[in-house]
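Peer 1: kindly return the folded structure for what I paste below:
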Amino acid sequence: MKLATYKDGSRDGQLVVVSRDLGTAHYATGIASKLQQVLDDWGFLSPQLQDLYDQLNAGRARHAFPFDPAQCMAPLPRAYQWADGSAYINHVELVRKARNSEVPESFYTDPLMYQGGSDDFIGPCDDVVVPSEAMGIDFESEIAVITGDVKMGASPEQALDGIRLVTIVNDVSLRNLIPAELAKGFGFFQSKPATAFGPVAVTLDELGDAWDHGRLHLAVHSTWNGRKVGMCDAGPEMTFHFGQLIAHVAKTRNVRAGSIIGSGTVSNKDWAKGYSCIAEKRCIETIQDGKPTTEFMKYGDTIRIEVKGKDGASIFGAIDQTIAAPQ
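Peer 2: Here you go, the predicted structure:
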């Protein structure tokens, strides 16, 4: 099934069920009003939502209405946890090579992750508001999963069973703030503003054989200012699958329902597939020409992120945003 959260003036919005073709939707009122409720009681509530989803797809839902992504908040407008990985080691290798440094061996066996802000996500069509263009505004096209409860010490295989939903992400980065923050030794903070998520989050059965052992084997389309810049395959080159990422988080603590785990920038060794963030393009330019020439985003720039199934249909809907100055 496909789930979204509609804006209603509150912090957490209203849960809606969305048809497979993203054409229609139906409020989940009477079953659950918020997605977090469903995650907290998945075994009881998700079958009821599945029934509504089946009725919606069959055209039998009595109060269906046209689905509008512009009315969507993030599927979970605020979450108990947002932890983002760097599961595509090719991305790390490019960054390191561009500054003539080696990738530590441990990076190939132990995932890189950071704890992001989870109290203020933004919707798929909301503006990305940044205080200054000088901060080095960048998009990052990613995949993310939303979990149920996963116990401390869970194995990667056990962690896979904790995945409830999958969606797409724009993990906005302010590149010019990162070096000073990392130099302090505590990691990202101001350099990672509010994260945006796709219109809908989907259950694993919606992905069919494209979902294989914690990896999504589909291309992530990134379109910057109307120009397709990335068609990166999210599957084969994902060094750490989502079960491994979740198990990494759960090594010393319980992971609670409503946690969101990101893949990090989707990256491929074949440069012909483009890029999922500007920083990677700049690294490639540095490796090839000795310096970067592509500038970061400016006010008024647009970014569209989307994943399509093997039939060409959009799975999660599209993140479609504009970079904006504060009002």
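Peer 1: helices of this protein, start to end?
Peer 2: For the chain, helices defined by DSSP state H occupy the ranges 35-40, 42-57, 89-98, 156-160, 178-183, 242-249, 278-289.
Peer 1: convert the C-alpha atoms of the second one to CSV, please.
Peer 2: Translated: helix 42-57. This file holds the C-alpha atoms of helix 42-57, laid out as CSV (Å, rounded to 0.1, in the frame of the first residue of the first chain):
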residue,chain,number,x,y,z
TRP,A,42,1.4,-2.1,12.8
GLY,A,43,0.0,-5.6,13.2
PHE,A,44,-3.5,-4.4,14.0
LEU,A,45,-3.9,-1.2,11.9
SER,A,46,-1.9,-2.0,8.7
PRO,A,47,-4.4,-4.8,7.5
GLN,A,48,-7.3,-2.3,7.9
LEU,A,49,-5.4,0.2,5.8
GLN,A,50,-4.6,-2.5,3.2
ASP,A,51,-8.4,-3.2,2.9
LEU,A,52,-9.0,0.5,2.2
TYR,A,53,-6.1,0.5,-0.3
ASP,A,54,-7.6,-2.4,-2.1
GLN,A,55,-11.0,-0.7,-2.3
LEU,A,56,-9.3,2.5,-3.5
ASN,A,57,-7.5,0.7,-6.3
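Peer 1: helices and strands around it, which ones?
Peer 2: strand 14-18, strand 24-27, helix 35-40 (3 or more CB pairs under 8 Å, 6 or more residues apart in numbering; DSSP states H and E). C-beta here means a position set from N, CA and C on the backbone, and glycine is covered the same way.
Peer 1: just the buried residues of that helix, please?
Peer 2: Neighbour-count burial for helix 42-57 flags 42, 45-46, 49, 52-53, 55-57 (criterion: 16 or more other CB atoms under 10 Å).
Peer 1: also stretch 151-169?
Peer 2: Quick answer for stretch 151-169 (16+ other CB under 10 Å): 154, 156, 159-160, 162-169.
Peer 1: so what's the gap between it and the chain middle?
Peer 2: Centre-to-centre, stretch 151-169 and its host chain are 15 Å apart (CA atoms, centre = their mean, to the nearest Å).
Peer 1: now stretch 264-283
Peer 2: Distance, centroid of stretch 264-283 to centroid of chain: 16 Å (CA atoms, centre = their mean).
Peer 1: any idea which residue sits dead centre in this structure?
Peer 2: Val169 (2.4 Å; CA atoms, centre = their mean).
Peer 1: give me the number of residues near the closest residue to that residue other than its chain neighbours?
Peer 2: Once flanking residues are discounted, Val169 sits nearest to Glu142: 4.1 Å by CB to CB, 6 or more residues apart in numbering. Applying other CB atoms under 10 Å, we find 26 residues neighbouring Glu142.
Peer 1: again with the one 5 residues further on
Peer 2: The local packing of Thr147 (other CB under 10 Å) involves 26 other residues.
Peer 1: isn't it up against Gly162?
Peer 2: Yes. In this structure, Thr147 is within contact of Gly162 by CB atoms under 8 Å, at 4.7 Å.
Peer 1: so what sits against both of those two?
Peer 2: The contact sets of Thr147 and Gly162 overlap at 246, 255 (CB atoms under 8 Å, 6 or more residues apart in numbering).
Peer 1: how much space between Cys232 and Ser276?
Peer 2: Cys232 sits at a distance of 5 Å from Ser276 (criterion: CB to CB, to the nearest Å).
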